[in-house]
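Q: Below: sequence and its predicted model.
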Amino acid sequence: MKRVFSLLLAGAFVFGMSCQSGQKKTTEEPEEKAAVEEAVGPNELTQAEKDQGWVLLFDGKTSNGWHSYGKESFPAGWQVVDGTLMCNGSGRGEAGAEDGGDIVTAKEYSNFHLKMDWKISEGGNSGIFYLGKEDPRFDKIYYTAPEMQVLDNERHPDAMLGKDGNRKAGSLYDLIPADPQNAKPAGEWNSIEIICYKGTVVHKQNGETVLEYHLWTEDWNNLVAGSKFPELNPEWANVAQSGVIALQDHGDDVWYRNIKIREL
């Protein structure tokens, strides 16, 4: 009887181990599949991102979905190069190139989560704008839109201007400094996120939240009143509730990629 019991026990142990092995294989397969799905290249979306509602604003191959500020065409001063949207620097600073200029999205956005990567040339300057309007009174997007600064902090003089570093990379230009200031040097890729929801705006840079502010509030109006923007446009503080995303031609080489957005 003891021998029979021992044989039954051994059989149960072997069966249990076999079941555990089968279960382990079953749980590992989805993980391996997920890992393959997540391994996408630049300017591509994972299946998880697609399921969450993310869409690409740049396909890595064409300028589709973008046009010159105030025009229907796409400027010759911008090119698609090696999977990036590149502005060819004119060396003319904010004046930009005669065949360049700011580029904007075809669609307007109100509540959104925006992501992209940027890389700046040595001594370079550019910017990422949102909630902007193509107002025929103005020739550039910054007359109506808040800006996340793109800058070579080590060489461009704008890094030393403004107040408390509010013109350095990641900052809300001329208004709120990025803290911490974690931008990578010229020639290296930086990742950013801008979240805008019912007036609350968050800037993230290289994985860290660097600032938060709230549009259309008394604090916001006071902040803008102490900046240079009222001289450019007395109505600048009245940022639109919906507007275009824009990339700035500031006369320097700059590259953008992985531009994606999710409406909230």
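A: Everything's here; your move.
Q: C-alpha from now on. contacts and neighbour counts both.
A: OK.
Q: Please save the CA atoms from stretch 194-205 in CSV.
A: Only the C-alpha atoms of stretch 194-205 are listed here, as CSV (Å, rounded to 0.1, in the frame of the first residue of the first chain):
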residue,chain,number,x,y,z
ILE,A,194,3.5,69.3,-23.8
ILE,A,195,0.2,68.6,-22.1
CYS,A,196,-2.6,71.1,-22.4
TYR,A,197,-6.0,70.5,-20.8
LYS,A,198,-8.6,73.1,-20.2
GLY,A,199,-6.0,75.8,-19.6
THR,A,200,-3.6,73.7,-17.5
VAL,A,201,-0.3,73.4,-19.4
VAL,A,202,2.7,71.1,-18.5
HIS,A,203,6.1,71.1,-20.1
LYS,A,204,8.2,67.9,-19.8
GLN,A,205,11.8,67.6,-21.0
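Q: chain center to that stretch: distance?
A: Distance, stretch centre to chain centre, for stretch 194-205: 11 Å (CA atoms, centre = their mean, to the nearest Å).
Q: List the buried residues for it?
A: Counting neighbours by 16 or more other CA atoms under 10 Å, one finds that the buried residues in stretch 194-205 are 194-197, 199, 201-205.
Q: Could you pull out the strands in the chain for me?
A: For the chain, strands defined by DSSP state E occupy the ranges 55-56, 66-68, 78-81, 84-87, 103-105, 112-120, 125-132, 147-151, 190-197, 200-205, 208-214, 244-247, 254-263.
Q: burial measure for residue 46, as a count.
A: If you count neighbours by other CA atoms under 10 Å, residue 46 ends up with 16.
Q: so what's it scoring on pLDDT?
A: pLDDT, residue 46: 97.
Q: Check the spacing between it and residue 74 real quick.
A: For residue 46, the distance to residue 74 (CA to CA, to the nearest Å) stands at 28 Å.
Q: now residue 132
A: In terms of CA to CA, residue 132 sits 18 Å off from residue 74.
Q: Compare neighbour counts for those two and give me the winner.
A: With neighbours defined as other CA under 10 Å, residue 132 and residue 74 compare such that residue 132 has more, 25 against 21.
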